[in-house]
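> Give me a 3D structure for the following:
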Amino acid sequence: MKISLVSAPAAELNVDALAVPVATGQKLSGPALELDKTIGGVLTEMVVNAEFRGRIHEVLPIPVQGRIAPRRVILYGLGAVHDLDGQRLRSAHHELVRASRTWGYKRMAILRAEPLGMDSLKGVVEGCVMGTFERRSRQTGAAPERREIDELSLSGFGSGREHEVVSAQENGEATNRAREWQNAPPNELTPDALAQEATRIAQRHNLEVEVLGPAELKSGGYNLLLGVGSGSARPPRMIRIRYHGNHDRRGASATVLALIGKGITFDTGGISLKAPDQMSRMKDDMSGAAAVLSAIDVIASRQVPIDVMAVVAAAENMPGPNAQHPGDVWVSADGKTVEVVNTDAEGRLVLADALTHALRNGATHLIDLATLTGAATVAIGHAASAAVSNDDGFWSFVEKAAREAGDRVWRLPIYADYRILLRSQIADLRNAEYGEAGTGSSPASLNATACSGLSRIAPAPPAAAHSVNVARSAKSPTPHEPAERSESSLSSSSTQRGARRPCRSMNGGDFSKVSADVDN
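Numbering: from 1, shown residues only. Coordinates of the predicted model:
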């Protein structure tokens, strides 16, 4: 889709449809009101008579009978002004484009009118690009219900902002790539196939790439990842891509940021088997991996001046003949012993080894993203990601990045009292606890497993011990469902938000004192 800023009057644009934003409870004003006068006041009439209320995701095409150059005017709702944040802004334009594709429009324009400000440009573009995503790409029948939009013109957003449009379009396309991986069938996107995708990204940007197979994982002591993948005929992979953006490496304290993604390409729960209903959705338990791979693709493309690595722990969690058992004890890569009491709490296991791998390769700051855990949805529902942090300074930075990315995140406590929930009678830790503090105890296990051994691995452990964990799940589990659930593949998916946050984080801030673990 070609996106461009235009200076011509909206009424003179040669497009199939001209979209006009409307907020709930607000009358038309400014350029929207001028346009309405040109076509005889029909827009005001529909708003005043409550035929169009401006509710979020409300979209209505209106014929204009040749009074202006566009064939149709589309009213689309933004919801109440006081509720309009970055997430709802992107979601409204996502739905606008999806609806317009259904009606077959090829050329569209969006008129900037209140309440859209000049600062809304990136959110508008990102939302529109994400609205072009089509997950029914494997259907072989007649033409899909939703067609492609060829051109999008933006009226009233000013001039000289093409770089902002390009940046926002790049973010949206990266998000859609992550969603494509998220929706890929698990027989296609295996751990090895995910490694091949990572290799293609590295080759495209001439980046350093490393893929560890079973032999290398065993020699490196990555037993938690090997244990999770032991039930599958498809062996696990540890994937690392390194982007060298900081060319001034004077001093030993150079910042190296690691983006770490959970890459469970299919999650049956292992021997702690999930319920069969909706198990087909467990192909998207690699959403964290999709997000970090998309993020480093964008980071390398923009040549951001910071050293970044993407680390993905990829595996299938299957109940095969060699699968790990509830009750097994593994020695993690950093030397901690872990009792597996629930094989469906596998995300924290593979991430712990991935964190250690990042530290061994020089990471000073850590951000991990994962579909982990269903307790997050129990706590705060689907409107935001749940977060815990042990560092106020870094939390404020992540919160700012999330706000700019249109990615809501809400901080939950991580009290010292939660440590007892992971106490094992036969090992250093156990990987799950039922009954309380599911969101708090999951990142606590990551911190204890991966960060306790920093003194033996990293030269400057205090910098890497600060953490933020963000948990995101698709659906609130019932009391009898397993510990980990994955994110949905709809417009509010983990990758829609998670893939943008690391990219936004790269645009500013000081990584020299703090780090983060993020489970999205």
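
> Low-confidence stretches in the stretch 251-400 of the chain?
Residue ranges of the stretch 251-400 of the chain with pLDDT under 70: 251-253, 373, 390.

> for this protein, which spans come out with low pLDDT?
Ranges of the chain meeting pLDDT under 70: 143-144, 248-253, 373, 390, 434-520.

> Show me what the longest helix that it contains is packed against.
Ordering each helix of the chain by length in residues (DSSP state H) puts helix 162-183 first. Judged by 3 or more CB pairs under 8 Å, 6 or more residues apart in numbering; DSSP states H and E, helix 162-183 is in contact with strand 2-6, helix 121-130, helix 287-302, helix 494-498, helix 500-505. C-betas here are computed from N, CA, C, even on glycine.

> so how far is the helix or strand just after it from its chain's centroid?
Using DSSP states H and E, the helix or strand that directly follows helix 162-183 along the chain is helix 191-205. The chain centroid and the centroid of helix 191-205 are separated by 19 Å under CA atoms, centre = their mean, to the nearest Å.

> Quick one: work out the angle between helix 191-205 and helix 287-302.
10 degrees (axes from the mean of the first three to the mean of the last three CA atoms, to 10 degrees).

> circling back to that earlier point, how about the longest helix of the chain: buried residues?
The neighbour-count check on helix 162-183 (16 or more other CB atoms under 10 Å) flags 165, 167-183 as buried.

> Could I have the CA atoms of that helix written out in CSV?
The C-alpha coordinates for helix 162-183 follow below in CSV (Å, rounded to 0.1, in the frame of the first residue of the first chain):
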residue,chain,number,x,y,z
GLU,A,162,7.5,11.8,5.0
HIS,A,163,10.2,10.2,7.2
GLU,A,164,7.5,9.8,10.0
VAL,A,165,5.2,8.1,7.5
VAL,A,166,8.0,5.7,6.4
SER,A,167,8.9,4.9,10.0
ALA,A,168,5.3,4.2,10.9
GLN,A,169,4.7,2.2,7.8
GLU,A,170,7.8,0.1,8.6
ASN,A,171,6.5,-0.5,12.1
GLY,A,172,3.1,-1.6,10.8
GLU,A,173,4.6,-3.9,8.2
ALA,A,174,6.9,-5.4,10.9
THR,A,175,3.9,-6.1,13.1
ASN,A,176,2.1,-7.8,10.2
ARG,A,177,5.1,-10.0,9.5
ALA,A,178,5.0,-11.0,13.1
ARG,A,179,1.3,-11.8,12.8
GLU,A,180,1.9,-13.9,9.7
TRP,A,181,4.4,-16.0,11.6
GLN,A,182,2.0,-16.1,14.6
ASN,A,183,-0.7,-17.5,12.3
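
> and the angle for it with helix 191-205?
Going by the same axes, to 10 degrees, helix 162-183 makes 160 degrees with helix 191-205.

> could you check the angle strand 2-6 makes with helix 162-183?
150 degrees.

> Just give me the neighbour total for residue 216.
The number of residues packed near residue 216 is 13, by other CB atoms under 10 Å.

> Beta-bridge partners for residue 365, please?
Beta-bridge partners recorded for residue 365 (DSSP bridges): residue 257.

> That one against residue 260, yeah?
No. Judged on CB atoms under 8 Å, residue 365 makes no contact with residue 260 at a distance of 10.8 Å.

> Show me which of the two is the more surrounded one.
When residue 365 and residue 260 are compared for neighbours, residue 260 comes out ahead with 32 against 24, by other CB under 10 Å.

> Got phi/psi on that one?
With angles defined as degrees, to the nearest 10, residue 260 sits at phi -120, psi 130.

> wait, what's in contact with it?
Neighbour list for residue 260: 288, 292, 310-313, 351, 354-355, 358, 366-369, 517 [criterion: CB atoms under 8 Å, 6 or more residues apart in numbering].

> Report how many residues lie close to the spatially closest residue to it that is not a sequence neighbour.
In this structure, residue 260 finds its nearest non-sequential neighbour in residue 368, 3.8 Å apart by CB to CB, 6 or more residues apart in numbering. Around residue 368 there are 33 other residues, counting by other CB under 10 Å.

> got it, and the one 10 residues further on?
Taking other CB under 10 Å as the neighbour definition, residue 378 ends up with a count of 15.

> check which helix or strand covers it.
helix 374-380.

> Check which helices and strands that helix sits against.
With contacts taken as 3+ CB pairs under 8 Å, 6+ apart, helix 374-380 sits against strand 385-389, strand 409-412, helix 438-446.

> For stretch 92-110, buried residues please.
For stretch 92-110, burial by neighbour count (16+ other CB under 10 Å) applies to 92-101, 105, 107-110.

> Stretch 66-86 too?
68-80, 84, 86.

> How about stretch 209-219?
Applying a neighbour-count criterion of 16+ other CB under 10 Å, one finds 209, 210, 211, 212, 217 buried in stretch 209-219.

> how close does the residue nearest to residue 260 sit to residue 263?
For residue 368, the distance to residue 263 equals 11 Å [CB to CB, to the nearest Å].

> Touching both of the two, which residues are there?
Common neighbours of residue 368 and residue 263, using CB under 8 Å, 6+ apart, are residue 288.

> if I read this right, residue 256 contacts residue 310, doesn't it?
No. The pair residue 256 / residue 310 is not scored as a contact, 11.9 Å apart, by CB under 8 Å.

> So which of the two has more stuff around it?
For residue 256 versus residue 310, neighbours defined as other CB under 10 Å are more numerous around residue 310 (31 against 21).

> Mind telling me what element the more buried one is part of?
Per DSSP H and E: strand 307-317 holds residue 310.

> Need the three-state assignment for the closest residue to residue 33 other than its chain neighbours.
Nearest residue to residue 33 in three dimensions, chain neighbours excluded: residue 44, at 7.4 Å (CB to CB, 6+ apart). Taking DSSP: H, G, I helix; E, B strand; the rest coil as the rule, one finds residue 44 in the helix state.

> Check the gap between residue 44 and residue 164 for me.
Noted for residue 44: a distance of 32 Å to residue 164, by CB to CB.

> now residue 375
Counting by CB to CB, the gap from residue 375 to residue 164 is 38 Å.

> same check, this time on residue 47
Distance from residue 47 to residue 164, by CB to CB: 30 Å.

> The stretch 1-150 of the chain: helices as residue ranges?
30-38, 42-48, 86-102, 121-130 (DSSP state H, counting those that start in this stretch).

> Would you mind finding the most buried of those helices?
helix 121-130 (a mean of 25; mean count of other CB atoms under 10 Å).

> Just after that one, pick out the following helix or strand.
Downstream of helix 121-130, the first helix or strand assigned by DSSP H and E is strand 151-155.

> got the contact list for that following strand?
Under the criterion CB under 8 Å, 6+ apart, residues 1-6, 8-10, 13, 15, 18, 31, 106-112, 121, 124-125, 128, 165 lie in contact with strand 151-155.

> try it again with 6 Å
Residues from elsewhere that reach strand 151-155 (CB atoms under 6 Å, 6 or more residues apart in numbering): 1-6, 10, 13, 107-111, 128.

> Would you point out the most distant pair within the residues you listed?
Farthest pair in those (CB to CB) is 1 and 10. Separation: 18.9 Å.

> more neighbours, the two?
Remark: of residue 1 and residue 10, residue 10 carries more neighbours, 27 against 16, as counted by other CB under 10 Å.

> still on that earlier bit, how far off centre is the helix holding residue 378?
17 Å.

> sorry, back to before: adding distance to residue 23, write the contacts of strand 151-155 out as JSON lines.
Formatted as JSON lines, those follow (distance: CB to CB, whole Å):
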{"residue": "1", "distance to residue 23": "26"}
{"residue": "2", "distance to residue 23": "28"}
{"residue": "3", "distance to residue 23": "23"}
{"residue": "4", "distance to residue 23": "26"}
{"residue": "5", "distance to residue 23": "23"}
{"residue": "6", "distance to residue 23": "23"}
{"residue": "10", "distance to residue 23": "18"}
{"residue": "13", "distance to residue 23": "23"}
{"residue": "107", "distance to residue 23": "26"}
{"residue": "108", "distance to residue 23": "20"}
{"residue": "109", "distance to residue 23": "19"}
{"residue": "110", "distance to residue 23": "15"}
{"residue": "111", "distance to residue 23": "14"}
{"residue": "128", "distance to residue 23": "18"}
